[in-house]
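Engineer: Just need the structure, nothing else, for what follows:
(4 chains)
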Amino acid sequence: MNLTVKVFGPQARLVGREEVALTLDEPATCRDVRRALAATEPALASSLDASRFAVNHEYVKDDHRVAADDEVALIGMISGG
Amino acid sequence: MNLTVKVFGPQARLVGREEVALTLDEPATCRDVRRALAATEPALASSLDASRFAVNHEYVKDDHRVAADDEVALIGMISGG
Amino acid sequence: MTRPIDITLHQGPLPPAARWLVAGAGAVVRFEGVVRPTEHGRPLAALHYEAYEPMTTQQLHGLARSIVAEHSLLGVRVAHSIGDVAVGEVSFRLDVAAAHRVEALSAMAAFIDRLKQQVPLWKVPRFADEPAGLEAQT
Amino acid sequence: MTRPIDITLHQGPLPPAARWLVAGAGAVVRFEGVVRPTEHGRPLAALHYEAYEPMTTQQLHGLARSIVAEHSLLGVRVAHSIGDVAVGEVSFRLDVAAAHRVEALSAMAAFIDRLKQQVPLWKVPRFADEPAGLEAQT
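Structural biologist: Below is the predicted model of the structure:
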């Protein structure tokens, strides 16, 4: 399954782009997305553990199943206000 | 010694005026002023213990000596803000 | 570095104030106290505020200086009404500027607590159902 | 009773806002976050803010509803910048209205703490000594 993960802010600067394309075995959960991101983008290593995933604009836990047409976003290093 | 004590806000409403005239034996301290006010103005009974005195626009303790030409003010029932 | 402190007693309700920006501040917090429609359940027309000058202004200055020092503020601005302030109008404004929000918010709470304990300011309710009394003469 | 909640994302620095008064409120508190001149000691030109819409606005609404309920507020108004905000300009404004000051101040602290934990908003520094980089393309 091919999946793109949106990244933002400092994490987008760290990886040099705003989306990261991943290929995952099915079925896949956000835990698999996290592992694949860590492997694909070493620059995210220090911030990935403290980051959460949103699927279709809702926060989800790591056991949430993802599908190829889901909008998956990495929500990390946030600093509003 | 004749002394007038300025009163304000709710305490002025309780005594019906903005100054209370007292006659005190000399030497007199603010403690004597407090006792004389309690005797002269029973309406102040419930708020006098929680009130402070200012002499010449500075807070003072009850052992502060007062003179006839001091400006003495009862600072009680304050509620700014 | 200048730590601006500005104290104003204003006759009647406070007019709207412009944004207050202080160089280097990351957090600017404004508190406005508004006259509520009732007191102990009884409809109010207004609150009548009294000060005892110059002691009131002196105490406000001293309090502001203390709070600036204790909370590392970059500035404090205070305005308080004297006289009548009708329901829904603003009688008190406190502006606090700090590098960061934590100091600004703790300073604001501390300032208001101590204002109510030590600054000679009084309020007398004017209830909606009573004629103007002694207050009108003062 | 209506508890007004107003959420705005604004392109660029926030313009000055008029006083916000809510019926029945005795305390109206405004927090403004201002871009500070340095970050970790390095001179800044601006902060570049990003949101992830519609999730950012949804999260701000949900947070505002929670804080209104938990602190018995009469209303909350939030405005946050997206895009570039230069040093000295305002990027964030929070207005809170409550019957009394204690709820208003505790609500303000809680709102900002949780904003920083849960609302998808990012900032990227634009340092004074570097040319515009990737940010210029986004």
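
Engineer: and A:Glu19, how many neighbours does it have?
Structural biologist: When neighbours are defined as other Cβ atoms under 10 Å in any protein chain shown, A:Glu19 has 12 of them. (C-beta placed from N, C-alpha, C; glycine too.)

Engineer: and chain A, which of its residues are near chain C?
Structural biologist: Neighbours of chain C within chain A, by Cβ under 8 Å from any Cβ of the partner chain: A:Gly81.

Engineer: just the strands in chain A please.
Structural biologist: A:2-6, A:19-23, A:28-29, A:52-55, A:58-60, A:65-66, A:72-75 (DSSP state E).

Engineer: Pairing partners for residue 28 in the sheet, please.
Structural biologist: You didn't say which chain, so I picked chain A. A:Val66 (DSSP bridges).

Engineer: Wait, chain C was what I had in mind.
Structural biologist: Per DSSP bridges, the residues bridged to C:Val28 are C:Ala97, D:Glu32.

Engineer: Now render the strands of chain A as a markdown table, adding mean pLDDT.
Structural biologist: Formatted as a markdown table, the strands of chain A follow (pLDDT from 0 to 100):
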| stretch | mean pLDDT |
| --- | --- |
| strand A:2-6 | 97 |
| strand A:19-23 | 97 |
| strand A:28-29 | 98 |
| strand A:52-55 | 98 |
| strand A:58-60 | 98 |
| strand A:65-66 | 98 |
| strand A:72-75 | 98 |
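
Engineer: out of the ones you listed, which comes closest to C:Asp95?
Structural biologist: strand A:72-75 (34.2 Å; Cβ to Cβ).

Engineer: So which elements touch that closest one?
Structural biologist: When contacts are defined as 3 or more Cβ pairs under 8 Å, 6 or more residues apart in numbering or on different chains; DSSP states H and E, strand A:72-75 packs onto strand A:2-6, helix A:30-40, strand A:52-55.

Engineer: Average pLDDT for the second one, rounded please.
Structural biologist: Which is helix A:30-40. Helix A:30-40 shows a mean pLDDT of 97.

Engineer: so what does that helix touch, helix or strand wise?
Structural biologist: Helix A:30-40 packs on strand A:2-6, strand A:19-23, helix A:45-48, strand A:52-55, strand A:65-66, strand A:72-75, going by 3+ Cβ pairs under 8 Å, 6+ apart.

Engineer: Pretty sure C:Leu73 sits against C:Arg3.
Structural biologist: Yes - if you go by Cβ atoms under 8 Å, C:Leu73 and C:Arg3 touch, sitting 6.8 Å apart.

Engineer: Give me the more crowded residue out of these two.
Structural biologist: C:Leu73 (25 against 15).

Engineer: ok, that one to D:Pro37 distance?
Structural biologist: 17 Å (Cβ to Cβ, to the nearest Å).

Engineer: for A:Ala38, same thing?
Structural biologist: Counting by Cβ to Cβ, the gap from A:Ala38 to D:Pro37 is 36 Å.

Engineer: count of residues packed around C:His48?
Structural biologist: That count, for C:His48 with other Cβ under 10 Å as the rule, works out to 22.
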